[in-house]
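Trainee: Fold the following.
(one chain, ligands or ions: 1)
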Amino acid sequence: MSATTLALDGGIPVLGQPTAYPWPKLRPDWCEAVNQQLASGRLSIYDRSGVVAEFEDAWSEGHSLPYSLVTNSGTAALHSAFYGIGLGPGDEVLCPTYTFFATAASLFQLGALPVLVDCRPDGAFDTNHAAALVTERTKAIVVTHMWGLPCEMDDVVSFASRHGLDLIEDCSHAHGATYAGRRVGTFGAAGAWSLQTQKLIAAGEGGVLATDRRDVYDRAQLLGHFNKRAMKEMDPEGPLYPYAVTGHGLKYRAHPLGIAFALPQVAELTDWIDAKQRYARRLAELFHRIDGVTAVTLSRDGRVSAHYALLFEVDPKVLPGGRDWLVAACNAEGLEDMDVPKATSPLHTLHLFQAPTSPVTSYDRPCVRAAYPVAEHLAAHTFKISVPCAPRAFEDEDDRYVEAVGKVTDKIAGYLAERRAQQASARLAPVGRGVE
Ligand SMILES: Cc1ncc(COP(=O)(O)O)c(C=O)c1O
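Mentor: Residues are numbered from 1 along each chain as shown. All right, here's what the predicted structure looks like:
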């Protein structure tokens with residue numbers, strides 16, 4: 001057995017222990033913020049005060065928007081945004097098929113219908129495809145900045161305004177990402193972010209919505225922030241004020257302990273985005289040593305990715321066995337972080353979107369109205385890997401993670417080169433045969 005015998009073939013894994021990017025970090029000051037919140041005794045915050053108000057103020061300031069609303073999940077933030085723009089039964093919303101299903105799933109609760117749209121080769125929303133799907137019922141468009149790479153927002157904004165549609169941005173992968181120098185989440189009627197554990201700003205569970213529209217903010221509050229908050233925040237002269245005490249049926253308040261943990265992270269977001277650019281380029285260099293592997297979501301052309309993950313495409317014509325072999329080989333070497341994003345199976349392949357159902361209406365029209373070859377190609381040929389952001393005091397740990405990735409990519413590249421050399425000299429079976 002040579003030093004380059006892959007762990008997949010019975011060799012010794014190059015990483016001594018299974019490695020995945022550790023996130024979120026448990027930095028002492030973030031944990032201390034949680035302790036202080038506990039000590040304050042405020043485990044429910046009924047109105048816009050305390051850490052909830054501090055988080056919302058920081059979020060609004062960071063996005064130059066007047067209104068932010070913290071929720072208990074990204075799904076709740078999206079639901080509140082859709083409710084905020086007034087969607088209801090019969091309305092259609094253009095929605096990417098290449099996204100996590102929560103981007104669209106709450107539309108069913110409103111009786112609105114997501115109409116699925118294909119993506120561009122880098123995963124971004126494809127307005128050319130969307131144009132063919134506009135009907136007289138289309139009221140809005142939601143886009144996701146997949147893996148952190150902003151969509152082409154000039155194009156998306158002009159498409160939305162050409163068709164008179166409200167634009168919602170799902171920024172759950174894209175905290176701090178910018179398009180032409182402007183943060184995502186600020187281009188349309190509202191932005192929504194998940195603050196779930198894996199996300200760049202991590203509360204454990206949580207979400208946040210931001211908007212410059214007072215009407216959207218008020219309606220969003222009515223959905224899940226009844227009584228004290230809505231009564232204090234809403235205009236007493238406004239037509240919706242009589243509903244403030246009860247709201248409109250849900251409770252979406254966030255847990256203050258999660259928000260206390262996330263709040264100190266917000267001030268560091270810009271630094272993290274810078275660090276992520278360096279690490280993403282380094283990870284791309286490492287994987288590009290393997291023929292047939294190409295980074296798909298690197299920042300470019302004024303689109304600065306938040307690199308929630310870096311997506312790579314594997315060409316099976318160059319690397320026999322393709323994506324699945326490469327992921328299995330790297331996993332066997334101990335690189336557990338590298339995986340196939342199964343939760344983001346294109347929405348048109350999921351039952352909910354093939355047979356849409358709603359508690360408030362019935363549908364006689366489908367979500368799936370086209371073919372989605374680009375999303376299917378990405379789903380079949382890509383893998384993702386986490387990109388470090390080097391929070392203060394964790395720079396060494398983050399460097400060690402990238403070193404570990406380098407050990408694995410070196411070994412795989414070395415193995416493939418060895419196989420090619422053997423094949424050339426002894427006319428062995430083609431590279432990769434036997435592992436397909
Ligand atoms: C793109 C996208 N949108 C929405 C969500 C929903 O966020 P949450 O899990 O906080 O409800 C997620 C969560 O992973 C996501 O990745």
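
Trainee: how close does the residue most central in space within the chain sit to Ala192?
Mentor: The centre of the chain sits closest to His173, judged by C-alpha atoms, centre = their mean, with a distance of 2.4 Å. Applying C-beta to C-beta, to the nearest Å, one obtains 12 Å for the distance of His173 from Ala192. Quick note: C-beta positions are derived from backbone N, CA and C, even for glycine.

Trainee: Now the stretch 201-350 of the chain against the ligand: closest residue?
Mentor: Closest approach between the stretch 201-350 of the chain and the ligand, counting by C-beta to the nearest ligand atom: Gly207, at 5.2 Å.

Trainee: ditto for the stretch 51-200 of the chain
Mentor: Here the stretch 51-200 of the chain gets closest to the ligand at one residue, Gly74, 2.6 Å apart by C-beta to the nearest ligand atom.

Trainee: one step back: skip the chain neighbours and tell me the closest residue to the residue of the stretch 201-350 of the chain closest to the ligand.
Mentor: In space, not counting the residues next to it along the chain, Gly207 is nearest to Ala77; the distance is 3.6 Å by C-beta to C-beta, 6 or more residues apart in numbering.

Trainee: what does Tyr252 give?
Mentor: Nearest-residue entry for Tyr252: Gly224, 2.6 Å, with adjacent residues in sequence omitted and distances by C-beta to C-beta, 6+ apart.

Trainee: dump the residue contacts of that neighbour.
Mentor: Residues counted as contacts of Gly224 (C-beta atoms under 8 Å, 6 or more residues apart in numbering) are Thr71, Asn72, Ala76, His79, Ser80, Gly247, Leu250, Lys251, Tyr252, Arg253.

Trainee: Could you list the low-confidence segments of the stretch 201-350 of the chain?
Mentor: Applying pLDDT under 70 to the stretch 201-350 of the chain picks out residues 343.

Trainee: run the last query once more with 90
Mentor: Within the stretch 201-350 of the chain, the stretches with pLDDT under 90 are 235, 238, 320, 339, 341-344.

Trainee: wait, doesn't the residue of the stretch 51-200 of the chain closest to the ligand sit right on Ala192?
Mentor: Yes. Contact between Gly74 and Ala192 holds when scored by C-beta atoms under 8 Å: they sit 6.3 Å apart.

Trainee: Strands of the stretch 151-300 of the chain, start to end?
Mentor: Listed from the start of the chain, the stretch 151-300 of the chain has strands (DSSP state E, counting those that start in this stretch) covering 166-170, 178-179, 182-183, 190-194, 207-211, 293-295.

Trainee: Which strands border the fifth one, and is each parallel or antiparallel?
Mentor: Each strand that pairs with strand 207-211, with its direction, by DSSP bridges: strand 67-71 (antiparallel), strand 190-194 (antiparallel).

Trainee: contacts for that strand?
Mentor: Defining contact as C-beta under 8 Å, 6+ apart, one finds that strand 207-211 is touched by 55-56, 59-60, 63, 65, 67-78, 80-81, 84, 185-186, 189-196, 217, 220, 254.

Trainee: One more pass at 6 Å, please.
Mentor: Residues outside strand 207-211 that contact it (C-beta atoms under 6 Å, 6 or more residues apart in numbering): 59, 63, 65, 67-71, 73-74, 76-77, 80-81, 185, 190-195, 217, 220.

Trainee: Could you figure out how far that strand is turned away from strand 166-170?
Mentor: 150 degrees (axes from the mean of the first three to the mean of the last three C-alpha atoms, to 10 degrees).

Trainee: Dump the C-alpha coordinates for strand 207-211 into CSV.
Mentor: Extracted in CSV, the C-alpha atoms of strand 207-211 (Å, rounded to 0.1, in the frame of the first residue of the first chain):
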residue,chain,number,x,y,z
GLY,A,207,-34.4,35.4,11.9
VAL,A,208,-34.6,39.1,10.9
LEU,A,209,-36.4,41.1,8.4
ALA,A,210,-35.5,44.6,7.2
THR,A,211,-37.4,47.1,5.1
